[in-house]
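Enquirer: Turn this into a model:
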Amino acid sequence: MKLIQLIYQFLWGDLFYLPLPGGQKAGVSLLVLLLIPTGIYFTIRTRFLPIRKFPEMLRLTVRKQNGQRHGLSGVQALIISTATRVGMGNLVGVVAAVSAGGAGAVFWMWVTAIIGSSTAFIEAVLAQLHKQKDPLYGGYRGGPAYYIDSYVNKKRTKKRKSIIAVLFALSGLLCWCGISQVISNSVSSSFFSAFRIPPLYTTVVLVALAAVIVLQKNATVKVLDILVPIMAGCYFIITLFIIFRHFTQIPAVFSRIIREAFGLRQVVAGGFGAVLMNGVKRGLFSNEAGSGSAPCAAAAADAAHPVSAGLMQAFGVFIDTIVICSCTAMLMLLVPEEALAGLGGMELLQTAMNYHLGRFGVIFIAVTLWLFSFSTFIGILFYARSNVAYLFGDNWMSQTLYKILALVMLFIGGLATYTFVWDLGDIGIGLMTIFNLLILIPQSREAITALKDYENGTPVR
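Expert: Next comes the predicted model:
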């Protein structure tokens, strides 16, 4: 436990402090130190791709999908990655950011999403360039374990598995087991608060539904194709309804976000560090750019060009942070400040929804959290396919055993909270990010070359 806590603190704790005006300071964690400069670097290298290519992202998303015969369509890969991005971070994470950093934290989440889109683009293009045929599930598979292996073995005469790729794959499997427990714990807690349903009943139903889906060969993609657009769409529509009801307050809300993001009051009061770092950290945690998760879905797409898959994954970061996270922030910021004074966590969001929609709002948030969490679980097991195959080869035994392990963790998490496993999940995603970025930066020239080819209308070199 002490070793795990030490690693957790090294990855997620404040590594050092930046001095700020007014004698205050802002803590910077190792992962923020790695991801923010990386995102800025890729944004410059791609010539501000998230802004420059945004119309192209929209065009690729809404166009009719033709000729997809050997794998997932680009939209299906986007849906899978969105299923895991649009999860608890969009509810719990945003609430935590606003609770600790105020309205100004939302602005820094937006900034983080823009630079994170560039990182997500590079990851997805590399995953496409180094994808492989999947003999078990059909179509393609890939992700960081595969492009890391390709990069390392390119310089070897004798081919063998890369240690960094193996460590990434193991970290991913560790992370997704931890997330499985967090998912069921959050769902059972929210249903107990909203409906007084005992956690055991909620957990049994959750595990049974998940088992029916993930233990089938191709049910995962079919379920997410239906579930993700419905859940994200309903959440967006409810938010728009609430925004239209309070339309006259919108200018004041945006003014508050900008004012508190840079405001003199926050600097003088010693709160600017909390505003900045909470927005940045929660933005990074929510959109997952740089962690190496979403490329596992991007690799499965039967894309006409690797860059088209990359652009759609970059658009996924926009959906997650700019759209869904902003929805959550608006639900809270359109409530009078005095009505939420002293509240934090999910209690803050539930109180806000009760203010907007009464009892229906509280129930809606509980159901939404269930849907977000359930889709996240299905999505991470899709990710796990490629990592399990890289570590243990192409066999149904290893694939099924990992699914059973994840289902066991899902069951345990619904009944009790073990911070040991929660910390393991956080350590897993932290290690994934480090191992991914070690190769992502030097290998990024392949993705930049592919982008130039795409813009020039020439084949990938």
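Enquirer: Please make it C-alpha for all contacts and neighbour counts, starting now.
Expert: Fine.
Enquirer: residue ranges for the strands of this structure, please.
Expert: For the chain, the strands defined by DSSP state E occupy 14-19, 25-29, 132-133, 140-141.
Enquirer: Could you export those strands to CSV, including columns for distance to residue 383 and mean neighbour count?
Expert: Formatted as CSV, those follow (distance: least, Cα to Cα, whole Å; neighbours: other Cα atoms under 10 Å):
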stretch, distance to residue 383, mean neighbour count
strand 14-19, 30, 13
strand 25-29, 26, 18
strand 132-133, 14, 16
strand 140-141, 9, 26
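Enquirer: any idea which of those scores lowest on pLDDT?
Expert: For the strands of the chain, the bottom mean pLDDT is recorded on strand 25-29, which sits at a mean of 71.
Enquirer: Of all the strands of the chain, which one comes closest to residue 94?
Expert: Set against residue 94 and scored by Cα to Cα, these come closest in strand 25-29, at 18.6 Å.
Enquirer: shaky segments in the stretch 351-461 of the chain?
Expert: Low-confidence regions of the stretch 351-461 of the chain, defined by pLDDT under 70, span residues 416-423, 458-461.
Enquirer: re earlier: looking at the strands of the chain, which is nearest to residue 354?
Expert: Using Cα to Cα as the measure, strand 25-29 is the one of the strands of the chain that comes nearest residue 354, at 34.1 Å.
Enquirer: wait, what's in contact with residue 121?
Expert: Counting by Cα atoms under 8 Å, 6 or more residues apart in numbering, residue 121 touches 307, 310-311, 313-314.
Enquirer: quick one on the thing from earlier: now the strands of the chain in CSV, with distance to residue 160?
Expert: What follows is these, written out as CSV (distance: least, Cα to Cα, whole Å):
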stretch, distance to residue 160
strand 14-19, 35
strand 25-29, 34
strand 132-133, 17
strand 140-141, 19
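Enquirer: For residue 365, which of these is the nearest?
Expert: Between residue 365 and the strands of the chain, the tightest spacing by Cα to Cα is seen for strand 25-29, at 31.0 Å.
Enquirer: does residue 261 really touch residue 107, like I thought?
Expert: Yes. Taking Cα atoms under 8 Å as the contact criterion, residue 261 and residue 107 are neighbours in contact, 6.3 Å apart.
Enquirer: on that earlier part again, mind checking which of the strands of the chain is nearest residue 78?
Expert: Between residue 78 and the strands of the chain, the shortest separation by Cα to Cα is 14.6 Å, and it involves strand 140-141.
Enquirer: If we only consider the contacts of residue 121, which is nearest to residue 341?
Expert: residue 314 (36.2 Å).
Enquirer: thinking that closest one is in contact with residue 123, fair?
Expert: No. With contact taken as Cα under 8 Å, residue 314 and residue 123 are classed as non-touching, separated by 9.5 Å.
Enquirer: for this protein, longest helix please?
Expert: In terms of residue count, the longest helix belonging to the chain (DSSP state H) is helix 419-456.
Enquirer: So which bits of that helix are buried?
Expert: Buried residues in helix 419-456, counted by 16 or more other Cα atoms under 10 Å: 421-437, 439-440, 443-444, 446-448, 450-451, 453-454.
Enquirer: which residue ranges form the helices in the stretch 251-400 of the chain?
Expert: 264-268, 272-287, 295-298, 306-317, 326-333, 345-357, 359-392, 396-415 (DSSP state H, counting those that start in this stretch).
Enquirer: Can you give me the buried ones in the longest one?
Expert: Read that as helix 359-392. Residues of helix 359-392 classed as buried: 361-391 (neighbour count, 16+ other Cα under 10 Å).
Enquirer: That helix to helix 396-415, inter-axis angle?
Expert: Compare the direction of helix 359-392 with that of helix 396-415 by axes from the mean of the first three to the mean of the last three Cα atoms, to 10 degrees and you get 150 degrees.
Enquirer: Pull the distance from helix 359-392 to the chain's centre.
Expert: Its chain's C-alpha centre and that of helix 359-392 lie 11 Å apart, by Cα atoms, centre = their mean, to the nearest Å.
Enquirer: so what does the longest helix of the chain touch, helix or strand wise?
Expert: Using 3 or more Cα pairs under 8 Å, 6 or more residues apart in numbering; DSSP states H and E as the contact definition, the elements that helix 419-456 packs against are helix 2-12, helix 30-45, helix 104-129, helix 144-153, helix 163-195, helix 306-317.
Enquirer: can you redo the ones you listed as CSV with mean pLDDT and distance to residue 325?
Expert: Supplementary listing: the helices and strands packed on helix 419-456 in CSV, determined by pLDDT from 0 to 100; distance: least, Cα to Cα, whole Å:
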stretch, mean pLDDT, distance to residue 325
helix 2-12, 80, 21
helix 30-45, 87, 19
helix 104-129, 87, 8
helix 144-153, 90, 26
helix 163-195, 83, 18
helix 306-317, 88, 10
